[in-house]
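**Student:** When you get a sec, could you give me coordinates for this:
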Amino acid sequence: MAVHRADGAQQTVVRREPFERSGAGLAIERWTLRAGPYEASVLSLGATLHTLRAPDRSGEDGQLVLGSDELHQLLGPARHYGATIGRYANRIADSRVNLDGVEHPLAPTGDGVTIHGGPDGFMHRMWATEEIPGGVRLSLHSPDGDQGFPGGLNVSVSYTLSGVGELTISYRAVSTKDTVVNLTNHAYFNLGGEGSGDVLGHLLTVDADEYTPADERQIPYGRYEPVAGTPFDFTTARPVGKALREDHPQLAGPGGYDHNWVLRARPADGTPARAALLEDPASGRTLEVLTTEPGIQVYTANKFQGAVTGASGVPYGPYAGIALETQHFPDSPHHPDFPSTELRAGEEFRSTTVLRLGVS
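**Tutor:** Got it, this is the predicted structure:
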């Protein structure tokens, strides 16, 4: 165990311990970061944000991300609870990329796309770990041709926690060949507390005036559209459930949000700027998401059907949480007008997202 000074005159306590409850024989580590009333834990499996704890307006502690202590739940298909997603978060159409005139077939995941890096993406890998001031750094080598992507990729993700309730997630990557990279974290948030019910009463603000309309595969058409007058207008705070059930009922039922918003311009100096604000009026908890990324994918857990039981013992149904995935846009390799996801050999990919917890 180590203790480091954190922002806000608090100390960050960093603790490492074994984590393995399934009998699968994996030497998984859990790193716990504690600063004041805030706590986060990270697993070496998938570089996963496993827990995130913060007080409500009455000072009562709560677990704010969906997840489980059972490995068979964490490793289930198409769930990705809190995992680091790569090499390419979101979807690539037709499971192929073209770089400098060379076609690279990718491992398909179904429906004519490759999603979240392929069927054996980074969420299934064991990452090496090391302690850093205020947190932990996790590192992974992805070999040339991994899931079809060119270049040997050395990638790291760092989690640091401050005493003012900021969890900073920093990504770095370098490739031996020209490739494409798009990294994100796939946590599902419920500010009322994991297992407390759905997030339909949460208020959402997204700092975006445009979004990328998409087809039935969730592949963008290649243009931006204004959010004004559409189901995607969260320029001011709106309850997620009102947007789904009243304003735009065509999104209700099994539907919901799984779309990319085009964020307003990020600072040129690489400082993270606000992308979204999530508020729970009942508990008073708030979550600001700041990022250097140009987009945010909002997913309201539409397809959850109770197949996963969380740490609270409550099965997760539709809208049990909301994912706020900071990233580049879906299918960017096929859309030259989108911000580029190409990473040239020897150059460094850098991205930072900050999760800022608070109360109202």
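**Student:** At which residues are the helices of this structure located?
**Tutor:** 71-74, 240-242 (DSSP state H).
**Student:** List the buried residues of stretch 46-58.
**Tutor:** Neighbour-count burial for stretch 46-58 flags Gly46, Ala47, Thr48, Leu49, His50, Thr51, Leu52, Arg53, Ala54, Pro55, Asp56 (criterion: 16 or more other CB atoms under 10 Å). For glycine as for every other residue, the C-beta is placed from the backbone atoms N, C-alpha and C.
**Student:** Would you agree the fifth one is in contact with Gln73?
**Tutor:** No: no contact is recorded between His50 and Gln73 when judged using CB atoms under 8 Å, the distance being 11.6 Å.
**Student:** hang on, the earlier thing: what about the buried residues of stretch 46-58, which are in strands?
**Tutor:** Among these, the members found in strands (DSSP state E) are Thr48, Leu49, His50, Thr51, Leu52, Arg53, Ala54, Pro55.
**Student:** Need the max-distance pair from those.
**Tutor:** Thr48 and Pro55 (23.2 Å; CB to CB).
**Student:** Can you tell me how far Val354 is from Glu103?
**Tutor:** Going from Val354 to Glu103 by CB to CB, to the nearest Å gives 37 Å.
**Student:** More neighbours: which of the two?
**Tutor:** Under the criterion of other CB atoms under 10 Å, the comparison of Val354 against Glu103 puts Val354 first, with 21 against 8.
**Student:** how close does the more buried one sit to Arg274?
**Tutor:** From Val354 over to Arg274 (counting by CB to CB), the distance is 9 Å.
**Student:** shared neighbours, those two?
**Tutor:** Contact criterion CB atoms under 8 Å, 6 or more residues apart in numbering; residues shared by Val354 and Arg274: Glu288, Val289, Leu290.
**Student:** on that earlier part again, check the ones in strands among the buried residues of stretch 46-58 against Gly117 and report the nearest one.
**Tutor:** The closest of those to Gly117 turns out to be Thr48 (CB to CB; 14.5 Å).
**Student:** Quick check: the gap between that closest one and Ala187.
**Tutor:** Thr48 is 9 Å from Ala187, by CB to CB.
**Student:** With Leu52 instead?
**Tutor:** Distance from Leu52 to Ala187, counting by CB to CB: 7 Å.
**Student:** any residues in contact with both of these two?
**Tutor:** Common neighbours of Leu52 and Ala187 (CB under 8 Å, 6+ apart) are Val65.
**Student:** between the helices of the chain, which gets nearest to Gln327?
**Tutor:** helix 240-242 (20.1 Å).
**Student:** Now the closest one: buried residues?
**Tutor:** By neighbour count on 16+ other CB under 10 Å, the buried set for helix 240-242 is Val240, Gly241.
**Student:** Output the contacting helices and strands for it.
**Tutor:** The helices and strands touching helix 240-242, judged by 3 or more CB pairs under 8 Å, 6 or more residues apart in numbering; DSSP states H and E, number zero.
**Student:** What are the phi and psi values at the residue located most distally from the centre of the chain?
**Tutor:** For the chain, the largest distance from the centre (CA atoms, centre = their mean) belongs to Gly101, which lies 31.4 Å off. Reported as degrees, to the nearest 10, the phi and psi values for Gly101 are phi 80, psi 0.
**Student:** so who does Val113 touch?
**Tutor:** Contacts of Val113 (CB under 8 Å, 6+ apart): Arg91, Ile92, Ala93, Asp94, Ser95, Arg217, Gln218, Ile219.
**Student:** now with 7 Å?
**Tutor:** Arg91, Ile92, Ala93, Ser95, Arg217, Ile219 (CB atoms under 7 Å, 6 or more residues apart in numbering).
**Student:** Name only those of those residues that count as buried.
**Tutor:** The neighbour count (16+ other CB under 10 Å) marks Arg91, Ile92, Ala93, Ser95, Ile219 as buried among those.
**Student:** mind listing what the last one touches?
**Tutor:** Listed by CB under 7 Å, 6+ apart, the contact partners of Ile219 are Arg91, Ala93, Val113, Pro330, Asp331.
**Student:** Please report how far it lies from Phe329.
**Tutor:** Here Ile219 is placed at a distance of 11 Å from Phe329 (CB to CB).
**Student:** Show me which of the shared contacts of Val354 and Arg274 are buried.
**Tutor:** Buried among the shared contacts of Val354 and Arg274 (16+ other CB under 10 Å): Glu288, Val289, Leu290.
**Student:** The last one pairs with what?
**Tutor:** Think Leu290. Taking DSSP bridges as the rule, Leu290 bridges to Arg274, Val354.
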